[in-house]
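Asks: give the three-dimensional model of this entry:
(chains A and B)
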Amino acid sequence: MTTAPTAARVPLPSRFFAVVRRHLLSLYTIIALVYLFLPVAIVILFSFNDNQGRFNFVWQGFTLKSWRHAFDVPGLFDSLVTSLQIAFISASVATVLGTFIALALVRYRYRGRGTTNFLIFLPMATPEVVLGSSVLALFLALKVQTGFGTIVIAHIMFNISFVVVTVKARLAGFDRHLEEAAMDLYANEWTTFRRVTLPMILPGVFAAFMLGFALSFDDFIITNFNSGGTVTFPMFIWGAARVGVPPQVNVFGTAVFLVTLGLMLLNVALQRNRS
Amino acid sequence: MSEEQVAGSERTSPTRPQQLLLAGSVAAIALGLLLLLGGAGLGSVEGFTRLFGALAMLVLGCGSGLVAIRGESRVAYLLLIPGGAWLILFYLIPMARLAVTSLQEGTLEQGFRMAWKWSNFSEAFSTFGDQFLRSFLYAGIATAVALLIAYPLAYFIAFRAGRFKNLLLVMVLMPFLVPFLLRTLAWKIVLADDGFVADSLRALGIIAENGRLLATSTAVVAGIVYNFLPFMTLPIYVSLEKVDHSLLEAASDLYAKPATAFAKVTWPLSRPGVVAGTLLTLIPAAGDYVNATLLGTPRQFMIGNVIQSRFLVVLDYPVAAALSFTLMLTILALIIPYVRATGTEDLAAA
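Replies: Residues are numbered from 1 along each chain as shown, chains lettered A, B, ... in the order given. So this is what the prediction gives:
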């Protein structure tokens, strides 16, 4: 009789703690996700704010006026277009240059691989404020007029490393035997690349382009140093922050959010289908 | 890159045309570097002409060096040259320019000239030492807080999320889907003086009756934590995801308690992710000035604020360059031990 309760009691606390721990972790995760989503929700919510005056910090009621007059703020849509152009050009160039480097790193043994890896790593280990200011120091010394071109140059520079890393990760599981098999079947090097190598790395290359596009589109610090008079979307927000950000900025911010979220969910769905 | 090619051609004894090509390659590269690093003596050649002239010289130099090399590595170098030249031209050379600028003297009106003025560094420190230390203090605290938030989150996604894994990963990336400046401005609304968060903290007595959240160090650190949290969560998730579950089963078969199994198996295996996440959070945090500007006051300003205002507003380039260069060296000094221990490949992979 004395042993039975003890036997029941011993596993009970541990089971209790196991349950608590399990739920604690779930609870923690839910809180963390709410925390992650809160500012996003505020950005979306305040695009519907019926704000009076210049500032958009206090909730004053629901309205669709900012959505209906989304294009009425002078310069805002232009800045968005400028950002999209810069992101497209810089991501495209960086994807080509970075994919070349990734191919060299993965497919060839050559002297200086360590140096190449280190050179790729350095820009990622450099704070943006240093990247931005050092490139500006070069442009100042050469008397290069800062503007659209210098923003693109700087964005290509920081995007290359991210492209290399993304494509390389994709190439890591790359089976060189497939290329050798193609060569054995009398495919020349170009045909092998076009028919075997490229299709295999294409998803990685595409992912790298998307990453570069996103990084460039959202970059503020490096752009701030090298923009001259060119106004990108982040530069527009920065300028507006001092005098009051119009709710239309939130409208476009929400649009950006919805488009990227849609793309990501599509990607998740595609991956699930494949597996 | 040029030295590698010269080194690569040592294997076969070069013929006369090869020697000529190599000499031409070295000359072209030297001219390119001169265009980039030379002083005002080249005054008539400037702007984009000079920039792209230098780029052309570098590519031409590397290209003619390539022709002189035989063997398979030639293709590798060919693939490396365009991107490598871009990184040398717009990363390494600017770093050198930054170092040169930091030792110059002069004013905007009179022009700046090289003077080996080391006092720019001491001046930068005596004036802006506070901001410098504050940057690393804020960045350090923010990184620690981010680790505390991110580790359990990543753990849950890797081990407990089941079929919601991908969905949760999208949720973790949520902050990145909204423009950086907009999500930082959103914190201004969250932390506002009459906002819900400040009111609740006042009711709980955590902050004083007239206490504020906005325009304090807490606000700046909170903003930094939020903005860079995905950089911490994702690498940790990646390393936890790779943990072999049979190792955990083995640990429990050998009577390890869950806590022991975590300490002896899970934690050590996730350490590369923790290291990568720490660096990926600490580096942008230390150089950030957006959070301090939007959520703080000049009393919370960090070194990034000083660098940007010296470069873009005060136009005191030498001191700004000295600060920027020191920030870079400090970051490198902090991360090189890690890099040596884990290798750049691992860090880059995460």
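Asks: is it true that B:F159 touches B:L240?
Replies: Yes. Here B:F159 lies in contact with B:L240, judged by C-beta atoms under 8 Å, at a distance of 7.1 Å. For glycine as for every other residue, the C-beta is placed from the backbone atoms N, C-alpha and C.
Asks: out of the two, which sits in the busier spot?
Replies: Neighbour count, other C-beta atoms under 10 Å in any protein chain shown: between B:F159 and B:L240, B:L240 has more, with 21 against 16.
Asks: do you know the pLDDT at A:L27?
Replies: Looking at A:L27, its pLDDT is 87.
Asks: which secondary structure elements does the strand or helix carrying it sit against?
Replies: For A:L27, the element it lies in under DSSP states H and E is helix A:11-45. For helix A:11-45, the helices and strands in contact under the criterion 3 or more C-beta pairs under 8 Å, 6 or more residues apart in numbering or on different chains; DSSP states H and E are helix A:247-274, helix B:119-159, helix B:165-172, helix B:180-190, helix B:217-241.
Asks: residues in contact with the following helix or strand past the last one?
Replies: It stands for helix B:217-241. As assigned by DSSP H and E, the chain's next helix or strand after helix B:217-241 is helix B:245-253. With C-beta atoms under 8 Å, 6 or more residues apart in numbering or on different chains as the test, helix B:245-253 has contacts from B:258, B:260-261, B:264-266, B:269.
Asks: any idea of the mean pLDDT for helix B:245-253?
Replies: Across helix B:245-253, pLDDT averages out at 85.
Asks: in that helix, which residues are buried?
Replies: For helix B:245-253, the neighbour count (16 or more other C-beta atoms under 10 Å in any protein chain shown) marks B:248, B:251 as buried.
Asks: and it with helix B:119-159, angle?
Replies: 70 degrees (axes from the mean of the first three to the mean of the last three C-alpha atoms, to 10 degrees).
Asks: local confidence estimate at A:T223?
Replies: pLDDT, A:T223: 96.
Asks: what stretches of the stretch 101-250 of chain A score poorly on pLDDT?
Replies: When residues are selected by pLDDT under 70, those of the stretch 101-250 of chain A lie in A:173.
Asks: give me phi/psi at the residue in it that chain B sits nearest to?
Replies: Chain B sits closest to A:P127 of the stretch 101-250 of chain A, with a gap of 2.6 Å, by C-beta to the nearest C-beta. Backbone torsions of A:P127, given as degrees, to the nearest 10, read phi -60, psi 150.
Asks: so what's it closest to, chain neighbours aside?
Replies: In space, and not counting its chain neighbours, A:P127 is closest to B:G287: 2.6 Å by C-beta to C-beta, 6 or more residues apart in numbering or on different chains.
Asks: that neighbour: how many residues sit nearby?
Replies: Here the number of neighbours of B:G287 (other C-beta under 10 Å) works out to 27.
Asks: isn't it up against A:A125?
Replies: No. Assessed by C-beta under 8 Å, B:G287 is found out of contact with A:A125, at 11.1 Å.
Asks: report the contact partners of the residue nearest to A:P127.
Replies: By C-beta under 8 Å, 6+ apart, the residues touching B:G287 are A:127-130, A:221, B:135, B:303-304, B:327, B:331.
Asks: state the distance from it to B:P318.
Replies: Per C-beta to C-beta, to the nearest Å, B:G287 is found 19 Å from B:P318.
Asks: try B:P284
Replies: Distance from B:P284 to B:P318, by C-beta to C-beta: 25 Å.
Asks: ok, these two, which is more surrounded?
Replies: Between B:P284 and B:P318, counting by other C-beta under 10 Å, B:P318 is the more crowded of the two (24 against 20).
Asks: what's the pLDDT at that one?
Replies: 90.
Asks: now do the SS call for it.
Replies: helix (DSSP: H, G, I helix; E, B strand; the rest coil).
Asks: over to B:E105?
Replies: strand.
Asks: helices or strands up against the helix or strand hosting A:T116?
Replies: For A:T116, the host element (DSSP H and E) is helix A:113-124. Here helix A:113-124 touches helix A:76-107, helix A:148-171, helix B:73-87, helix B:344-349, going by 3+ C-beta pairs under 8 Å, 6+ apart.
Asks: out of those helices, deepest packed?
Replies: helix A:148-171 (a mean of 24; mean count of other C-beta atoms under 10 Å in any protein chain shown).
Asks: may I have it exported as PDB, CA atoms only?
Replies: C-alpha atoms of helix A:148-171 as PDB (Å, rounded to 0.1, in the frame of the first residue of the first chain):
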ATOM      1  CA  PHE A 148      21.700  56.600 -59.500                       C
ATOM      2  CA  GLY A 149      24.900  55.100 -60.900                       C
ATOM      3  CA  THR A 150      26.900  55.100 -57.700                       C
ATOM      4  CA  ILE A 151      24.000  53.500 -55.800                       C
ATOM      5  CA  VAL A 152      23.900  50.700 -58.300                       C
ATOM      6  CA  ILE A 153      27.700  50.300 -58.100                       C
ATOM      7  CA  ALA A 154      27.600  50.000 -54.300                       C
ATOM      8  CA  HIS A 155      24.600  47.700 -54.300                       C
ATOM      9  CA  ILE A 156      26.200  45.300 -56.800                       C
ATOM     10  CA  MET A 157      29.300  45.200 -54.500                       C
ATOM     11  CA  PHE A 158      27.400  44.100 -51.400                       C
ATOM     12  CA  ASN A 159      25.100  41.800 -53.300                       C
ATOM     13  CA  ILE A 160      27.900  39.700 -54.900                       C
ATOM     14  CA  SER A 161      28.800  38.100 -51.600                       C
ATOM     15  CA  PHE A 162      25.300  37.100 -50.900                       C
ATOM     16  CA  VAL A 163      24.800  35.700 -54.400                       C
ATOM     17  CA  VAL A 164      28.000  33.600 -54.100                       C
ATOM     18  CA  VAL A 165      26.900  32.200 -50.700                       C
ATOM     19  CA  THR A 166      23.400  31.300 -51.900                       C
ATOM     20  CA  VAL A 167      24.500  29.700 -55.200                       C
ATOM     21  CA  LYS A 168      27.300  27.900 -53.400                       C
ATOM     22  CA  ALA A 169      24.900  26.400 -50.900                       C
ATOM     23  CA  ARG A 170      22.900  25.100 -53.800                       C
ATOM     24  CA  LEU A 171      26.000  23.700 -55.500                       C
END
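Asks: any residue of that helix up close to chain B?
Replies: Yes. Helix A:148-171 lies within reach of chain B by C-beta under 8 Å from any C-beta of the partner chain, at A:149, A:153-154, A:156-157, A:160-161, A:164-165, A:168-169.
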